[in-house]
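A.B. asks: The following block contains a protein sequence and its predicted model.
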Amino acid sequence: MTTPHKIKPRKVAFDWSKTDPQWIEGEAFVSHLANSTHILLPIVEAWFCQVFKDALPQVTDDKLRDDVIAFMRQEAIHGGAHRPVADVFKEKGMDIGAGIARTQRLIDFALGNPARVFGLLPTRRLGLDKWWLGTRVGVIAAGEHFTCILGRFILENRELDKLPHDPAMMDLLRWHGAEEVEHRAVAFDLYKHLTGAPLTNRLLVMGFIVPMLTWYWIRSTQYLMRQDPSIAKTPGFFREWRRAAKRNLIPTAADLLGGSWRFLMPGYDPEKEADTAIALDYLAKSPATKRKVGAAG
Ligand SMILES: [Fe+2]
Ligand SMILES: [Fe+2]
């Protein structure tokens with residue numbers, strides 16, 4: 001099944017003039033847990049676009065092709081919106097350039113083109129090119145399952161609104177989360193179209209994504225806290241996670257890990273994972289989309 005409505009890429013503009021790395025007052029951990037998206041997403045979303053571009057010639061369904069193109073446009077805008085935050089932080093005395101370069105090398109090493117990953121193996125003759133393309137689309141589908149869960153969380157959460165926070169950063173995360181909800185089915189639709197999304201491959205991609213994302217999220221949050229000159233001692237990750245999840249400022253580990261099982265079920269349908277109407281409602285009032293429309297007009 002393809003996305004029932006037409007996915008719309010939206011241009012955005014953010015006012016970063018008042019944004020600090022600790023953008024939620026008194027919540028260094030939650031701020032930097034969210035800030036890890038500014039390192040990872042510009043890199044992986046550019047990679048999503050590259051993989052989907054490679055897959056596009058094999059798409060034989062017109063609606064799916066339109067969805068895939070709209071998905072690529074949205075993801076390119078998302079990466080472009082997160083990227084300038086590194087410069088905003090640098091102006092505030094927090095340099096994350098080395099972390100970005102390290103992440104880029106990691107993605108190139110683990111998920112790059114077949115020649116890079118499989119070395120001298122005759123990948124085309126062994127059928128690895130086709131398998132690797134389908135599997136990388138599967139990795140994206142598994143990743144998009146989590147961006148949908150996180151997008152839904154940030155859209156529907158009201159506890160964060162009660163804390164003093166930077167409105168530009170909250171809008172970036174909510175606009176991005178809303179578009180993740182909007183295009184939540186596209187990667188899985190493409191995965192099914194190319195490979196049939198068999199259970200063995202779903203196990204493989206989820207078995208890769210869950211430990212990889214967990215490890216990366218811990219490492220990048222700790223890295224960001226170490227780079228933040230206002231933090232004297234980096235607190236323990238799991239203790240902080242439990243504390244913040246208890247206050248409903250971040251999802252619980254059970255929410256995220258429970259979500260991974262749903263992806264493996266035979267009847268998995270990304271459309272059932274969230275409510276598009278809530279996402280479209282936010283997108284209609286997002287200051288960043290309005291600012292851009294205002295600027296264009
Ligand atoms: Fe995105
Ligand atoms: Fe996405």
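C.D. replies: Cool, got the structure. Ligands and ions are numbered 1, 2, ... in the order given.

A.B. asks: can we go C-alpha only for contacts and neighbour counts from here?
C.D. replies: Will do.

A.B. asks: Count the residues that sit near the closest residue to Thr37 other than its chain neighbours.
C.D. replies: Closest residue to Thr37 apart from its sequence neighbours, by C-alpha to C-alpha, 6 or more residues apart in numbering: His82 at 7.6 Å. By other C-alpha atoms under 10 Å, the residues close to His82 number 20.

A.B. asks: confidence score at His82?
C.D. replies: Predicted confidence (pLDDT) for His82: 96.

A.B. asks: contacting residues for it?
C.D. replies: 37-38, 41-42, 172 (C-alpha atoms under 8 Å, 6 or more residues apart in numbering).

A.B. asks: Quick one: the residues you listed as a markdown table, columns for pLDDT, secondary structure and neighbour count too.
C.D. replies: Output for the contacts of His82, formatted as a markdown table (pLDDT from 0 to 100; DSSP: H, G, I helix; E, B strand; the rest coil; neighbours: other C-alpha atoms under 10 Å):
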| residue | pLDDT | secondary structure | neighbour count |
| --- | --- | --- | --- |
| Thr37 | 96 | helix | 18 |
| His38 | 96 | helix | 20 |
| Leu41 | 95 | helix | 19 |
| Pro42 | 95 | helix | 22 |
| Leu172 | 98 | helix | 21 |
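
A.B. asks: tell me which of these is nearest to Ser230?
C.D. replies: Nearest to Ser230 among the contacts of His82: His38, at 19.2 Å, using C-alpha to C-alpha.

A.B. asks: pretty sure that closest one contacts Asp87?
C.D. replies: No - the criterion here is C-alpha atoms under 8 Å, and His38 misses it with Asp87 at 10.6 Å.

A.B. asks: residues contacting Met225?
C.D. replies: So Met225 contacts 28-29, 32, 231, 234 (C-alpha under 8 Å, 6+ apart).

A.B. asks: Quick check on these: which are buried?
C.D. replies: Taking 16 or more other C-alpha atoms under 10 Å as the criterion, what is buried in the contacts of Met225 is 28-29, 32, 234.

A.B. asks: Can you tell me which of those residues is closest to Pro270?
C.D. replies: Using C-alpha to C-alpha, the buried ones among the contacts of Met225 come closest to Pro270 at His32, 28.2 Å.

A.B. asks: Now do Thr234, the pLDDT please.
C.D. replies: Value for Thr234, per-residue pLDDT: 88.

A.B. asks: Does it touch Leu224 like I think?
C.D. replies: No - here Thr234 does not reach Leu224: they are 9.5 Å apart, not a contact under C-alpha under 8 Å.

A.B. asks: Can you show me the helices along the stretch 151-297 of the chain?
C.D. replies: Secondary structure of the stretch 151-297 of the chain (DSSP state H, counting those that start in this stretch): helices located at 167-182, 186-195, 199-227, 237-246, 253-264, 276-285, 287-296.

A.B. asks: need those in JSON lines with distance to Lys130, can you?
C.D. replies: Formatted as JSON lines, the helices of the stretch 151-297 of the chain follow (distance: least, C-alpha to C-alpha, whole Å):
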{"stretch": "helix 167-182", "distance to Lys130": "27"}
{"stretch": "helix 186-195", "distance to Lys130": "9"}
{"stretch": "helix 199-227", "distance to Lys130": "13"}
{"stretch": "helix 237-246", "distance to Lys130": "39"}
{"stretch": "helix 253-264", "distance to Lys130": "22"}
{"stretch": "helix 276-285", "distance to Lys130": "33"}
{"stretch": "helix 287-296", "distance to Lys130": "38"}
